[in-house]
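Trainee: Compute the structure for the input listed below.
(2 chains)
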Protein chains: 2
Amino acid sequence: MPMNMPELPLPTNAANTGLDAADRSLVDGVTAGQLRPLAKTITLIESQREDHKLRAQRVLEALLPHTGRAMRVGISGVPGVGKSTFIEALGLYLIEQGLRVAVLAVDPSSSVTGGSILGDKTRMELLSQNPAAFIRPSPSACSLGGVAEKTRESMLVCEAAGFDVIIVETVGVGQSETAVAGMTDIFCLLQLPNAGDDLQAIKKGIMEIADLIVINKADIDPAAAMRARSQIKTALHMLRPASSNWAVPVLTLSALHKQGIADFWTAVTDYRKALTASGEFAAKRQQQAMAWMWELIDAGLRSRFRNHPLVKQELPELARAVQEGGTTPSIAAQRLLGHL
Amino acid sequence: MPMNMPELPLPTNAANTGLDAADRSLVDGVTAGQLRPLAKTITLIESQREDHKLRAQRVLEALLPHTGRAMRVGISGVPGVGKSTFIEALGLYLIEQGLRVAVLAVDPSSSVTGGSILGDKTRMELLSQNPAAFIRPSPSACSLGGVAEKTRESMLVCEAAGFDVIIVETVGVGQSETAVAGMTDIFCLLQLPNAGDDLQAIKKGIMEIADLIVINKADIDPAAAMRARSQIKTALHMLRPASSNWAVPVLTLSALHKQGIADFWTAVTDYRKALTASGEFAAKRQQQAMAWMWELIDAGLRSRFRNHPLVKQELPELARAVQEGGTTPSIAAQRLLGHL
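Mentor: All right, here's what the predicted structure looks like:
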C-alpha cells in the first residue's frame, strides 16, 4: 500500500505490494527462511542511510504478517557468568528438539569499543556453524535506544524467517537489561554462585525484572550454589512479583557440563503456558509495543525540538541563565516551547 | 523587563519592574520575610487557573535574585519511621541556633486521598506554632511531576523569604524520593532499626541516592540499631558513591528523645563544606535545574503532540494496529510525528 493513499493510510498486513524487485527478493528470501536475505535485511535495518531506512521500513512492513510466533528469551548476566557457554548449550539443545534458534545481542558499548560481545563468533563456535542457528552481533549505534530499536526490528525479521526461539543477550551495563526485558517474553538472569552477587542484582533493580533466575557454574561448588539459591529466594520473597500467576524459579545448572539445560527450557515453556492461560502473555507484548512506540515518539519530539531554528538559537543562553539562577527552569521551558 | 522586548527577551534579575500593585506587594512582603505574603504566593503557584499561573511566573521571576542561599534538605522514610517527630526536633534545634526553617512536602497521593502527609499541623505542633518556622502541606496536583514542580517553586519562594533551611519531606511512595533528591542539596533517608528495612531501601534504589542515612528510634533497641547500622554500611560499601568527596554516614538517633539531632546537623554542614570545596555543591544545583528544565520541555512536547488534531484523530487506530501487530511501533511513531 503506497504512503499517499487518500484515506487514513494505515500500514496493513497486505503491505507487501509496492515493493521494488530488490526489496521483494529480500522479503521472499526471509519468509523462505534463507539466511543470506535475513542477514542482508538486518544490515539494511542497521544502516544509517536515509534511503536504507525507508527501504527497511517497507521490507519490515511486508514481513510483519509473518512475525509474532517465536518465543523471545532475554538473557543477562555480568561478564564471567558464562553467558556464551550457556547460550551455546541452550541453542544446541533446542536444535536437537527440532527448533531453529536466532541469537541477537544488545550491547550499547559496542559502538564505543568498535567490538561487540557477540562479534567473535568463536565464542559460540558449534552453534554458529549449525545451519539451524543464526547469530548476529550487537548493532553499533550511538545510543542504547538506537541499539535496542534495531535489535527489536531484527528480532521481527528473524521471526519472519521462521526461527522458533529468539535469544537476546545483553551484558550487565546500565539500562540495557531493562531494554532487553522490554522486548522479550521472558527475561532470564544468570548469576554466579557467590554471596553478594545477588545483592548487586537487587541494588541495580535487575532481579526485580527477572522472570527466571539461573545460577550457573553450580558444579564448581554445589553447596555455595545452594546457599546462593536460598539467598536469592529470600530476596525474591521481598520483591513484588510481576505476575500473580508466576513465581520466579531459581535454577542451578552447569552450562559447561550441559547439566540443567532441559530443566531451564521446561521452566521457560511453563512460563509461557502460565501467562498464556491468564492472558498476560499477549498483554505483555502489546504493552511492550506501545511503550516502544511512545519511546520513539518522545525521542522524535525531542530531536525536532532541538533542531528548531529559534530553539537552537536561544537554548544555549537560556540554559546558562537556568544554571546561573537568572531564570527558572519553567520560565525557560515555556519560552522555548513557545517557539513551536 | 516586559516580555515583548525586541532583543532576546531573557528574564533577568532586574525583572521586578512591570509588576502590578498586587504582585508588587507579594514580592515586597515575601522579601521582607512576612509569612502571609509567603503563603499567598505559594497559593498562587499552586493554582491551576491560567491567569494565576502567569502571575505566579512574574512574581517568581521577581523573587529569583533573592533565592539560592538556603540549605535544601530532603527527608524520606517509610510511614512509621518517625519523620514528623524527627523534622520537629530538627526544626526546633535549628531555630535555637538562630535559623529560620521551612518545611515543605512532596506527597503525590495527597491529590488522591484529599489529605496530605503534612495537612495535619498537629503532627508538628510545637514547630508549627514557632514564628521562625513555616510549614506547608504538599500541593495537590494530579501527577508527581506537577507536585514536584510546585514544591520546587515554593522552595524558591521560601528562600526569597529568608528561610535558612528548607526541609522537603516525602513518604516512600513510587518515584517521589527521586523527585525530592532532585530538588534538594542533601537527601537523607530515615530507617528503622530492623534487619530487612535496609534491603527494602536497596531494592527500591533509594539507598543509592541517599547522602546521609539515619537510623531513628535507636533508643528502643540500641543493639539492633548498631546491627542495622553495620548492615547498611556493608550495603553502602557495594554501591558506587555519588561523590568521591563524600562517604555516606550512617547515624543512629532518637528523634523522640532529641538525641543525636546536633550530630545530624553537623553531618549536613560537613557535607555542604566538602561538596562546596570540591565545586560539586554548585554543580549539583546547576544539573538539577537543567534536568528540571528538560523534564518540563519533554512534558510540554508530549502534551502538544497529544493535542494535535491529526494525532488525536489517528492515535487510537494506530495504537490498536501496533498492539495487534498490524504495524510496527516505529512506523506508527513516524506517521504520527509526520503530522507536526
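
Trainee: Would you mind listing the buried residues in stretch A:65-81?
Mentor: Using 16 or more other C-beta atoms under 10 Å in any protein chain shown as the test for burial, stretch A:65-81 gives A:65-67, A:70-78, A:81. (Glycine included, C-beta is placed from N, CA and C.)

Trainee: Identify the farthest-apart pair in those residues.
Mentor: Spatially, the most separated pair among the buried residues of stretch A:65-81 is A:65 and A:78, at 38.8 Å (C-beta to C-beta).

Trainee: hang on, the earlier thing: wait, which of the buried residues of stretch A:65-81 is closest to chain B?
Mentor: Distance to chain B across these (C-beta to the nearest C-beta) is lowest for residue A:67, with 6.7 Å.

Trainee: The closest one is in contact with residue B:326, isn't it?
Mentor: No. Contact criterion C-beta atoms under 8 Å: residue A:67 and residue B:326 do not qualify, at 11.0 Å.

Trainee: quick one: what helix or strand has residue A:189 in it?
Mentor: Per DSSP states H and E: residue A:189 is located in strand A:186-191.

Trainee: Direction included, what does that strand pair against?
Mentor: Here strand A:186-191 is paired, per DSSP bridges, with strand A:71-77 (parallel), strand A:212-215 (parallel).

Trainee: Report the mean confidence score over it.
Mentor: Averaged over strand A:186-191, pLDDT sits at 94.

Trainee: Same question for stretch A:305-315.
Mentor: Averaged across stretch A:305-315, pLDDT comes to 94.

Trainee: Dump the C-alpha coordinates for it into CSV.
Mentor: The C-alpha coordinates for stretch A:305-315 follow below in CSV (Å, rounded to 0.1, in the frame of the first residue of the first chain):
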residue,chain,number,x,y,z
PHE,A,305,12.6,20.5,19.3
ARG,A,306,16.4,20.7,19.4
ASN,A,307,16.6,21.3,15.7
HIS,A,308,14.1,24.2,15.6
PRO,A,309,16.0,27.3,14.5
LEU,A,310,14.8,29.5,17.3
VAL,A,311,15.4,26.8,19.9
LYS,A,312,18.8,26.2,18.6
GLN,A,313,19.5,30.0,18.8
GLU,A,314,18.1,30.6,22.3
LEU,A,315,18.8,27.3,24.1
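
Trainee: Now do it: distance to the chain's middle.
Mentor: Put simply, stretch A:305-315 sits 33 Å off its chain's centre (C-alpha atoms, centre = their mean, to the nearest Å).

Trainee: tell me which residues of that stretch are tucked away?
Mentor: The neighbour-count check on stretch A:305-315 (16+ other C-beta under 10 Å) flags A:305, A:311, A:314-315 as buried.

Trainee: filter the residues you listed down to the ones near chain B?
Mentor: With C-beta under 8 Å from any C-beta of the partner chain as the criterion, those include A:305, A:314 near chain B.

Trainee: Turn the buried residues of stretch A:305-315 into JSON lines, columns for secondary structure.
Mentor: Converted to JSON lines, the buried residues of stretch A:305-315 look like this (DSSP: H, G, I helix; E, B strand; the rest coil):
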{"residue": "A:305", "secondary structure": "helix"}
{"residue": "A:311", "secondary structure": "helix"}
{"residue": "A:314", "secondary structure": "helix"}
{"residue": "A:315", "secondary structure": "helix"}
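
Trainee: Which helix or strand lies directly C-terminal to the helix or strand of chain A with the lowest mean pLDDT?
Mentor: Ranked by mean pLDDT, DSSP states H and E, the weakest helix or strand in chain A is helix A:110-113, scoring a mean of 52. Following helix A:110-113 in sequence order, the next helix or strand is helix A:125-129 (DSSP H and E).

Trainee: Report all helices and strands that that next one contacts.
Mentor: Applying 3 or more C-beta pairs under 8 Å, 6 or more residues apart in numbering or on different chains; DSSP states H and E, we find helix A:125-129 packed against helix A:83-96, strand A:133-135.

Trainee: Please convert those to CSV, extending it with mean pLDDT, distance to chain B and mean neighbour count.
Mentor: Below are those laid out as CSV (pLDDT from 0 to 100; distance: least, C-beta to the nearest C-beta, whole Å; neighbours: other C-beta atoms under 10 Å in any protein chain shown):
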stretch, mean pLDDT, distance to chain B, mean neighbour count
helix A:83-96, 96, 22, 22
strand A:133-135, 95, 20, 23
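
Trainee: wait, which of the ones you listed is closest to residue B:214?
Mentor: Ranking these by their distance to residue B:214 (criterion: C-beta to C-beta) puts helix A:83-96 first, at 40.3 Å.

Trainee: Outside of that closest one itself, list whatever touches it.
Mentor: With contacts defined as C-beta atoms under 8 Å, 6 or more residues apart in numbering or on different chains, helix A:83-96 is touched by A:75-77, A:101, A:103, A:117, A:123-127, A:130, A:132-133, A:164-165, A:167, A:169, A:171, A:190, A:214, A:216, A:253, A:255-256, A:258, A:261-262, A:264-265.

Trainee: ok, which pair from the buried residues of stretch A:305-315 is furthest apart?
Mentor: The widest separation within the buried residues of stretch A:305-315 (C-beta to C-beta) is 11.8 Å, between A:305 and A:314.

Trainee: Overlap in contacts, these two.
Mentor: Here residue A:305 and residue A:314 have residue A:336 as joint contacts, going by C-beta under 8 Å, 6+ apart.

Trainee: Low-confidence bits of the stretch 151-300 of chain A, can you list those?
Mentor: By pLDDT under 70, the low-scoring segments of the stretch 151-300 of chain A are A:172-174, A:195-204, A:238-240.

Trainee: which residues of it fall in helices?
Mentor: Taking DSSP state H, counting those that start in this stretch as the test, the helices found in the stretch 151-300 of chain A are A:176-181, A:197-203, A:206-209, A:222-238, A:261-277, A:280-307.

Trainee: taking the ones you listed together, which one is wrapped up most tightly?
Mentor: helix A:176-181 (a mean of 23; mean count of other C-beta atoms under 10 Å in any protein chain shown).

Trainee: Do any residues in that one lie close to chain B?
Mentor: No. Judged by C-beta under 8 Å from any C-beta, helix A:176-181 makes no contact with chain B; its nearest approach is 12.4 Å.

Trainee: How about the contacts made by residue A:288?
Mentor: By C-beta under 8 Å, 6+ apart, residue A:288 lies in contact with A:182-183.

Trainee: Now do residue A:271 against residue A:249, distance only.
Mentor: Counting by C-beta to C-beta, to the nearest Å, the separation of residue A:271 from residue A:249 is 9 Å.
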